[in-house]
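Q: next comes the sequence, and after it the predicted model I'd like to discuss.
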There are 2 protein chains.
Amino acid sequence: MTERVERPRRGRQAEAERNDWLVLDAAREVFATRGAGAPIAAVAERAGVGMGSLYRRYGSKTELLRRLCMLAMEQSAGAAEAALAAPDAWDGLAGFVRTCVGFRSGALGPLAGAIETTPEMWEASRRGRDLLDAIVDRAHRDGGLREDVTALDVMWLIELFSRWGAARSSPEDDNARQRLLAIALDGLRARGTEPLPGTPPSVEHYVERWRYPGRVTQAIDSELA
Amino acid sequence: MTERVERPRRGRQAEAERNDWLVLDAAREVFATRGAGAPIAAVAERAGVGMGSLYRRYGSKTELLRRLCMLAMEQSAGAAEAALAAPDAWDGLAGFVRTCVGFRSGALGPLAGAIETTPEMWEASRRGRDLLDAIVDRAHRDGGLREDVTALDVMWLIELFSRWGAARSSPEDDNARQRLLAIALDGLRARGTEPLPGTPPSVEHYVERWRYPGRVTQAIDSELA
DNA sequence: GCTTATCGGAGTATTTCATTCCGATAGGAT
DNA sequence: ATCCTATCGGAATGAAATACTCCGATAAGC
């Protein structure tokens, strides 16, 4: 799932690096399905790593969560660039959604509000939204995507599917999710159907959730200005 | 949201009954979004009711969860019967899904495994699945539903959307959910599209999650036999 | 005005969790 | 071969969260 940078190490150092990825993958799985409240011990167990090893790399739970968010946003941005480079606009969009759901990019959602967002994170988030806007615009112009679907609809869709899955996910879960995703993507295609109900989702609503309780997060306010 | 049986009471008794529904609605909201691990206090607070009042009615958290499951399954069965009675097969199915998502019928999913399932619950679950089978069969025969979609796909779809929503859900959340649901339902319609990937979801997979850890749940085994 | 069912929430014992500490293990240098 | 040290795993710890109980306050019904 996670892309590994192959830089050959030896012995203990190799194990350390391997563990790092194991932890990150496990953390994503655990926090995505059980929310930010999930215990660190669950991450360690799933990664097959001791608590000591985990804390050697991440000084606190918050640090791990932040790292996780950044990683997901970076991967998401990478996938977005690939989508824009795809020959067909619709295929690019569909592939982007599938990829993001694949590594549970939208799993950040439940984490919103549990950690104080750094300026760095805001920057990445902003960039991600801009890229998605571009993808959706292209698919609209190309006629592959039904025109009443907005970029934020797609965002929510990714989040919806990212959170799916039991605490202990199995291949069967993946299978079911793939099917539902295929159904949803099919529903996204341009076609003479009923217009979508309600109003387009707002950026304010999407962004507001990240406000960390108790402290003023200035970045949000400038974001919403 | 929840259908109330209007049996006029007076004064304190009326308040008691009103509280009962407040608690049930709040509990569904809380457990659906935060999982079975959510604190009882959160339910009380959301219902605007003291802990005392809550425990007067439900002797334990487990009892509340069980009651919640039964209620959701009963409401779901009611919606299913209405769907079968609908003039149009497709409209019946779509309405059923929307109704179930509306009262978060699929929110039972995350509760699976957290409580020991009673025979009564198995009975209701079984009945629900039979009804859904009938709805899906009818929609297939009628040609409105794409034929590679199974009843369990629909089941998972309902669960997917039932779990959606932030801890503190807002009208904006509902709006976004409605739109995504419209997209998904549109993807469900019969139409010359790519067949669904993977294999149809299995009953075993769906049912297995309800196995309560530590104790053998005989009903599951007979269910799977 | 009195009785009593019901209400809300503070209090308690228990559990869960984040974080720390340390003995064990095994690369890698001498 | 042997010692040194980085890393590992998980038990120990103190703090926070949580299920559940208890009780004084409130107001309906007579």
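A: Sure, I can see it.
Q: where do the strands sit along chain A?
A: Ranges of strands within chain A: none, based on DSSP state E.
Q: where do the helices sit along it?
A: A:11-34, A:40-47, A:51-57, A:61-85, A:89-102, A:108-111, A:119-142, A:151-162, A:171-188, A:203-208, A:218-224 (DSSP state H).
Q: for DNA strand D, find the nearest of these.
A: Proximity to DNA strand D (C-beta to the nearest atom of the strand) singles out helix A:51-57 among those, at 2.5 Å. From N, CA and C alone the C-beta is placed, and that goes for glycine too.
Q: can you give me the buried ones in the closest one?
A: Neighbour-count burial for helix A:51-57 flags A:53, A:54 (criterion: 16 or more other C-beta atoms under 10 Å in any protein chain shown).
Q: now do stretch A:18-34
A: A:19-20, A:22-34.
Q: and the helices of chain A as CSV, adding distance to residue B:140 and mean pLDDT?
A: Formatted as CSV, those follow (distance: least, C-beta to C-beta, whole Å; pLDDT from 0 to 100):
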stretch, distance to residue B:140, mean pLDDT
helix A:11-34, 32, 83
helix A:40-47, 40, 94
helix A:51-57, 50, 93
helix A:61-85, 35, 96
helix A:89-102, 26, 97
helix A:108-111, 35, 82
helix A:119-142, 31, 96
helix A:151-162, 25, 96
helix A:171-188, 15, 95
helix A:203-208, 37, 90
helix A:218-224, 47, 65
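Q: take those helices and write them to a markdown table, including distance to residue B:184.
A: What follows is the helices of chain A, written out as a markdown table (distance: least, C-beta to C-beta, whole Å):
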| stretch | distance to residue B:184 |
| --- | --- |
| helix A:11-34 | 20 |
| helix A:40-47 | 30 |
| helix A:51-57 | 38 |
| helix A:61-85 | 21 |
| helix A:89-102 | 13 |
| helix A:108-111 | 18 |
| helix A:119-142 | 18 |
| helix A:151-162 | 9 |
| helix A:171-188 | 5 |
| helix A:203-208 | 20 |
| helix A:218-224 | 30 |
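Q: relative to chain B, which of the ones you listed is closest?
A: Nearest to chain B among the helices of chain A is helix A:171-188; the distance by C-beta to the nearest C-beta comes to 3.0 Å.
Q: list of residues touching that closest one?
A: Outside helix A:171-188, the residues within contact range by C-beta atoms under 8 Å, 6 or more residues apart in numbering or on different chains are A:93-94, A:97-98, A:101, A:145-146, A:149, A:154, A:157, A:161, A:164-166, B:149, B:152-153, B:156-157, B:160, B:180, B:182-188, B:191, B:193-194, B:196-199, B:201-202, B:205.
Q: among the residues you listed, which ones are buried?
A: Buried by 16+ other C-beta under 10 Å: A:93-94, A:97-98, A:101, A:145-146, A:149, A:154, A:157, A:161, A:164-166, B:149, B:152-153, B:156-157, B:160, B:180, B:182-188, B:196, B:201, B:205, out of the contacts of helix A:171-188.
Q: returning to that earlier point: which one, of the helices of chain A, ends up nearest to residue B:69?
A: Among the helices of chain A, the nearest to residue B:69 by C-beta to C-beta is helix A:11-34 (20.0 Å).
Q: tell me what the closest one is packed against?
A: On a contact count with 3 or more C-beta pairs under 8 Å, 6 or more residues apart in numbering or on different chains; DSSP states H and E, helix A:11-34 meets helix A:40-47, helix A:51-57, helix A:61-85, helix A:108-111.
Q: that helix to helix A:61-85, inter-axis angle?
A: If you take axes from the mean of the first three to the mean of the last three C-alpha atoms, to 10 degrees, helix A:11-34 sits at 80 degrees to helix A:61-85.
Q: ok, back up a step: how about a markdown table for the helices and strands packed on helix A:11-34, with distance to residue B:63 added?
A: Output for these, formatted as a markdown table (distance: least, C-beta to C-beta, whole Å):
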| stretch | distance to residue B:63 |
| --- | --- |
| helix A:40-47 | 27 |
| helix A:51-57 | 36 |
| helix A:61-85 | 33 |
| helix A:108-111 | 28 |
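Q: if anything else comes up later, I'll come back, but that's it for now.
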